[in-house]
Structures are given as C-alpha cells and as structure tokens.
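1. return atomic coordinates for the entry below.
(one chain, ligands or ions: 3)
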Amino acid sequence: MKIRTRWIFTIILCLLIAIPLAACDVSTATPSGTLESQNGVTIEGTFEDGAALEAVEVVGEDKILALQSIAEEKYDTDGEVYVYDISVVKDGAKVQPSGKVKVTVSVPDIDTSKTYTVYHVKDDGAVEKIKPAVQNGTVSFETESFSCFIIAPDEESGGETEQPKKQVNVSINILPLAECGMLKVNGTLYENAASYKTTHTEGERITVEAIATSGHHFGFWGEDEVLSREPVYEFTVGAENISFAANFTGHDVQYSEITDDAHTEKCKFGDYTATVAHTFADEKIITEATCQHAGEKELSCVCGKTKTEEIPITDHDYQDGVCSMCGKTQTYVRVNANGVANPNGAYIKMGKTYCEQVKDGNLENALMEKAGSPYLTLENWTPFDFGNGDSGENATTYYCDVEYNGLNYRGVYIKDYRKDNDSAQTTNSRYWTGTYWFEQRTAMWEIVKIEDGKAYLVSKEIWISQRFAESDEGELTYENSWIRAWLKNTWINELFTPAQQAILQGNENCFGDKIFLPSSSEISINAPKPFGLYKYPFCLGAYKEVLQGYGDNYCPYWLRDGVEKGTDGKNYVTCVTSKPPFDQTTKYLATKTFVGVVPAIIIEL
Ligand SMILES: [Zn+2]
Ligand SMILES: [Zn+2]
Ligand SMILES: [Zn+2]
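-> Ligands and ions are numbered 1, 2, ... in the order given. Predicted structure coming up:
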C-alpha cells in the first residue's frame with residue numbers, strides 16, 4: 001500500500017512539474033554557480049550553462065498528498081509545514097547536480113523557536129532526513145539531488161530520534177478469589193487465585209476491576225500503601241516494573257453499642273449489621289500465676305471490650321527435683337507404665353527401693369570388693385531379722401548397702417535356708433544360697449483409685465517378703481501385728497524421704513497409718529491388680545519359691561483383713577496369689593517369711 005501510494009505521488013509530482021503553476025518561477029544560470037528563483041529559493045553549486053532553477057511551493061490538495069509521504073515520521077503536525085518541488089532544467093529536461101548543492105529557501109514566517117527537519121522525498125518514494133540551518137527567515141540545507149522537499153517542525157523532543165518505549169513487567173498477585181469474587185484485568189476475567197504476570201509497554205493504560213461477591217470488599221495494595229479501595233483501579237505503566245496485590249477482604253467492620261455482653265457490628269459500606277456476643281480472643285497477662293498464687297489476665301474483644309480473669313495457680317515446676325518457683329523438693333512424679341512423665345499417667349514414681357538386680361559380673365565383683373566378701377567375713381554385713389530365731393547368730397540372710405560411682409546398691413547374702421518350721425522348707429532344695437546385688441531405683445506405684453485429690457497407691461512390684469507376726473500363737477490382729485510396726489517404723493524410712501513422708505495421708509480405715517497392707521475391699525479382691533513381680537524377688541527375703549519351679553508370676557502377698565484361727569488353733573492370714581488371673585487367695589501361717597509385701601499408701605496429688 002505504501003509503495004503504491006508513493007508511486008502515485010511520483011506521477012502527480014511529474015504532472016505538477018509539467019503544468020506551469022502560479023507559484024512557479026524559472027531562473028537563469030549565473031557565472032558564480034548560483035541559481036535563484038523569484039519565490040525566494042536559491043541553490044549554490046556547479047551547474048551547466050543554460051541550466052535553470054524551477055522551484056514550486058506545493059499547496060492545497062497537492063500538499064496534503066505530499067505529506068502522506070512522511071505520515072509515519074515524527075514531526076509536529078500542528079506546526080506550519082512547507083513543501084517545495086525543486087528541480088533544475090536544461091533544454092526542457094530535468095538535470096541533477098554534480099556534487100553537493102546548497103539550497104536556501106526564504107520562509108519569512110518560520111518559527112525560530114522550533115527545530116526543523118527537511119524530508120527529501122525522492123522520486124522512488126524514499127525519504128531522506130536532512131538537518132537544515134534555520135536563520136533570519138531562511139532555511140538552508142545541502143542535497144545531492146532534486147525533487148520534493150518538505151520542511152517540517154520537529155516534535156517537542158527536539159527532533160532527536162525517539163527512545164524506543166520500554167517493556168515492563170506488570171505483576172498482580174490476585175489473592176483468594178474463588179469465594180470472594182473475580183478480577184478483570186483489561187477486560188480479561190480471573191476467577192481463581194492466580195498471579196497476573198504480563199509484559200506491558202510503557203505508557204500503556206491498565207484497568208483492574210474487582211467484582212466482589214456479597215459480603216466482600218476489595219483493596220489494591222502496593223508494597224506499603226493502599227493503592228485503591230475502589231472497585232476499579234486504573235494506572236499507566238511507567239518505566240519501572242510494577243507489582244501489587246489485589247486482595248479481597250471481608251466487611252470493613254466498625255463497632256458500636258457495646259454492652260457487657262455484646263456489640264453491634266456495621267460494615268462501613270452499609271451492607272452488613274449484626275449484634276453479636278463479645279469474643280474475648282485476645283489475652284494479656286497482668287500477673288503470672290505461680291505454684292504459690294493465682295495470676296490475672298485481661299481478655300479483650302475486637303470491639304475493645306475487656307474483662308479480667310483469674311489464672312489458676314500452677315503446678316510446681318520441678319527442675320532436677322526442685323520447684324523453680326518456690327524451691328519445694330519434688331516428692332513424686334506421675335508417669336506412664338513405662339516410667340515416662342505424664343500428668344494423667346496411671347503410675348507414680350516416689351521413694352526408693354533396691355529393686356533392680358545387677359547382672360554385670362564386673363560390677364558385682366567391684367561391689368563385693370567394696371563390701372568385703374561375706375564368705376570371708378561378715379564384718380560389714382547386717383543380719384536380717386525374720387523372727388522365729390532366724391536372726392542374730394542364727395540369721396540366714398544378711399545385707400550390706402554400698403555406694404559405688406554415685407549409685408546405691410544393696411548386697412543380699414543368703415547363707416542358709418530359713419527355719420520356717422514348715423516341713424516343705426526343711427531342706428536346701430527350696431532356697432538358693434548365694435550373694436545377690438540390687439541397685440536402688442525410684443519405686444513405682446500403681447494408682448488404684450483417686451478420690452478428692454487423693455490417690456490410693458500400691459507398689460507396682462513385690463520388692464520384699466516378710467512374716468506377718470512373730471508367733472502363730474495368741475490373739476493376732478493387724479493392729480498388734482509385727483508387720484504393721486515394721487512398715488510404720490522401719491520400712492517407711494527406707495522407702496521415703498521426710499519430705500515424701502509429709503505428703504502421705506493417714507488411712508482412716510487403718511488406724512490412720514501412712515503405710516499399710518491393703519485390705520481385700522481396698523484393692524477389690526474380686527478384680528485384684530495384677531502385680532508384677534521382680535524377677536528375683538528375694539531381695540531381703542522376698543519369696544524365693546518363684547525360682548524353684550512355680551514360675552515368676554507366683555508370689556502370694558498379705559492382706560491385712562485376713563487374720564483367722566485355723567483348726568489347729570494357730571493364726572493364719574489370707575494372701576492373694578499373684579499368679580494370673582490374680583483372683584486366687586490362699587492362707588499361710590502368720591510367721592511365714594516368704595510371703596510378699598505389697599505396701600499401700602495414700603498421697604495427696
Ligand atoms: Zn460490607
Ligand atoms: Zn465485642
Ligand atoms: Zn512450687
């Protein structure tokens with residue numbers, strides 16, 4: 001199309017030249033090589049004799065046609081444009097100059113505040129740009145050929161070649177849309193959460209339109225400013241990359257009519273009003289609670305309503321057994337069956353007992369060396385009193401406590417079988433003699449029941465065996481029994497520190513005792529607890545029969561409410577057999593030393 005237009009234009013120019021016009025003038029050659037026309041055009045150069053200048057100012061429709069040749073050029077279309085068709089003729093034919101020619105056109109009304117460009121439109125339609133000199137109402141420039149020249153003012157940029165427009169990245173983070181609304185960017189709909197990342201040209205206009213669903217509003221956020229809260233945000237692409245977020249929001253709520261219980265919420269856009277109960281979601285601590293006193297906190301609703309609340313007194317914060325807040329020594333830890341601390345665990349770790357047999361031969365040798373072998377001398381070994389003459393010089397069992405590498409151990413030396421006056425135990429076949437070592441460990445107790453913040457506990461394992469009474473004769477009760485006195489006066493001190501003893505509660509059903517044998521009702525003898533047994537529970541006399549073919553699960557333990565006279569007039573006591581299913585009872589003479597002891601205690605949690 002362009003080529004065709006120029007071709008037509010060239011033909012028109014030829015016609016213009018062929019037909020003499022009012023503005024046309026012809027000059028004659030001068031010796032100086034300067035040709036002049038009457039309409040103020042001068043050319044300087046080397047011309048043949050007889051050559052004449054023809055300079056035509058093109059006007060009217062022809063001028064409009066001529067300007068089509070530079071329609072794509074950047075010039076000030078509002079300014080005055082001058083078009084000249086300049087040629088040199090000799091003998092009726094056009095001739096071209098040899099070498100450069102200076103052309104000066106007189107333009108008295110030229111605006112000297114502007115710069116100009118001369119567009120030389122050649123016969124083949126090509127456009128050559130020439131920078132002219134503009135002075136005193138004249139425009140002069142150099143050319144090597146003649147045809148159509150258009151003198152046009154430059155655009156305000158001063159006529160320099162314009163910078164190509166920048167391509168910039170426009171990125172809009174379109175935040176959750178699905179439920180909140182849709183977004184249109186330059187007319188294209190974005191229905192789902194997405195990022196709009198597109199290259200745009202500097203100067204381009206972009207329109208972002210938010211279409212919020214009911215109950216939602218919108219905003220356009222720049223890096224740290226709100227760009228717009230209106231549904232349509234328009235902007236012009238500048239030279240820099242642009243990044244902002246289009247974020248739909250809920251109602252822009254304001255609160256009023258605040259009462260003790262409720263507030264009224266109104267959206268400032270007028271599409272929502274409701275009276276709702278306060279939600280005290282924010283809390284600020286005024287005073288921290290400790291194990292010694294309650295604390296206080298202030299709760300507040302988004303509407304500004306506040307209220308204060310007590311923070312309950314806390315548990316002690318034990319660090320290495322000492323409370324970090326009050327310095328109290330820890331008396332017990334509630335744990336799982338595997339011994340891991342758990343505030344709701346079914347077990348309590350409290351007190352210490354020698355319950356872990358040493359199986360390491362090297363350690364046994366080291367302990368034996370420290371204690372002094374009982375086979376050589378009993379100097380460091382204490383006879384254990386089982387009664388029935390089984391004590392002092394006639395003792396069958398000795399013990400020795402040793403501290404080694406920061407841990408406590410107890411050696412138990414079983415010298416001989418016990419003289420229980422039991423026909424079944426008159427030979428060594430039922431007892432193994434020897435020395436055994438046990439490490440002192442924290443004792444585990446099973447929680448049988450919790451009432452009024454008090455827990456009834458029994459030992460998780462059978463750690464020891466003891467006789468119930470010193471004699472099978474006479475009027476035996478639990479109250480006057482030997483085992484009750486031993487529990488209350490001796491074993492309690494071995495198991496518990498004074499601080500631990502301080503939390504022991506007296507059992508109202510057992511003379512207020514703080515450690516006692518369980519009664520059948522206390523441990524629900526019809527569904528008794530399956531007490532675990534220490535594998536070698538003969539520590540200080542626990543029942544050794546388990547080693548002799550009755551299996552590790554079998555060890556009877558005393559009940560305090562089972563004392564009765566046998567047909568032989570002797571005192572017997574009911575025992576629970578700890579063999580599964582743990583619901584069997586049997587009776588043993590009150591002096592039997594092999595019956596296990598399951599101590600029971602009540603602690604305040
Ligand atoms: Zn609203
Ligand atoms: Zn409120
Ligand atoms: Zn404390």
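2. nearest spatial neighbour of the residue in the chain that ligand 1 sits nearest to, chain-adjacent residues omitted?
-> Taking CB to the ion, ligand 1 has its nearest neighbour within the chain at residue 267, 3.0 Å off. Where you see a C-beta, it was placed from the backbone N, CA and C, and this is true even at glycine. Counting by CB to CB, 6 or more residues apart in numbering, residue 267 lies nearest to residue 251, which is 3.5 Å off, once chain neighbours are set aside.
3. one step back: ok, the residue of the chain closest to ligand 1 - contacts?
-> Neighbouring residues of residue 267 by CB atoms under 8 Å, 6 or more residues apart in numbering: 217, 251-254, 273.
4. how near is it to residue 181?
-> In this view, residue 267 and residue 181 are 15 Å apart by CB to CB, to the nearest Å.
5. with residue 323 instead?
-> Distance of residue 323 to residue 181, computed by CB to CB: 57 Å.
6. hang on, the earlier thing: from the contacts of residue 267, which would you call buried?
-> 217, 251, 253 (16 or more other CB atoms under 10 Å).
7. narrow these to those in strands?
-> Using DSSP state E, the subset of those located in strands is 217, 253.
8. mind picking the lowest-pLDDT entry from the buried ones among the contacts of residue 267?
-> On pLDDT alone, residue 217 ranks lowest of the buried ones among the contacts of residue 267, at 78.
9. which residues does that residue form beta bridges with?
-> residue 249 (DSSP bridges).
10. pull the contacting residues for it.
-> So residue 217 contacts 229, 248-252, 267, 269 (CB under 8 Å, 6+ apart).
11. 10 Å instead?
-> 180-181, 210, 229, 231, 247-252, 267-269, 271 (CB atoms under 10 Å, 6 or more residues apart in numbering).
12. any low-confidence regions in the stretch 301-450 of the chain?
-> Where the stretch 301-450 of the chain drops to pLDDT under 70, the residues are 385-392, 417-433.
13. scratch that, the stretch 101-250 of the chain is what I was asking about
-> 157-163, 175-179, 191-194.
14. so who does the residue in it that ligand 3 sits nearest to touch?
-> Nearest to ligand 3, among the residues of the stretch 101-250 of the chain, is residue 250, at 45.7 Å (CB to the ion). By CB under 10 Å, 6+ apart, the residues touching residue 250 are 180, 215-217, 267, 272.
15. try it again with 8 Å
-> 215-217.
16. number of residues surrounding the nearest residue to residue 205 once chain neighbours are set aside?
-> Computed as CB to CB, 6+ apart, the closest residue to residue 205 that is not its neighbour in sequence is residue 236, at 5.5 Å. When neighbours are counted by other CB atoms under 10 Å, residue 236 registers 10.
17. for the residue of the chain closest to ligand 1, give its distance to ligand 2.
-> 16 Å (CB to the ion, to the nearest Å).
18. try residue 349
-> 47 Å.
19. same check, this time on residue 296
-> Taken as CB to the ion, the span from residue 296 to ligand 2 is 20 Å.
20. show me what from the protein comes close to ligand 2.
-> Residues of the chain lying close to ligand 2 (CB under 5 Å from the ion) are 263, 278, 301, 303, 305.
21. can you redo those as a markdown table with neighbour count and secondary structure?
-> Shown next, in a markdown table, are the residues of the chain next to ligand 2 (neighbours: other CB atoms under 10 Å; DSSP: H, G, I helix; E, B strand; the rest coil):
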| residue | neighbour count | secondary structure |
| --- | --- | --- |
| 263 | 21 | strand |
| 278 | 21 | coil |
| 301 | 19 | coil |
| 303 | 19 | coil |
| 305 | 18 | coil |
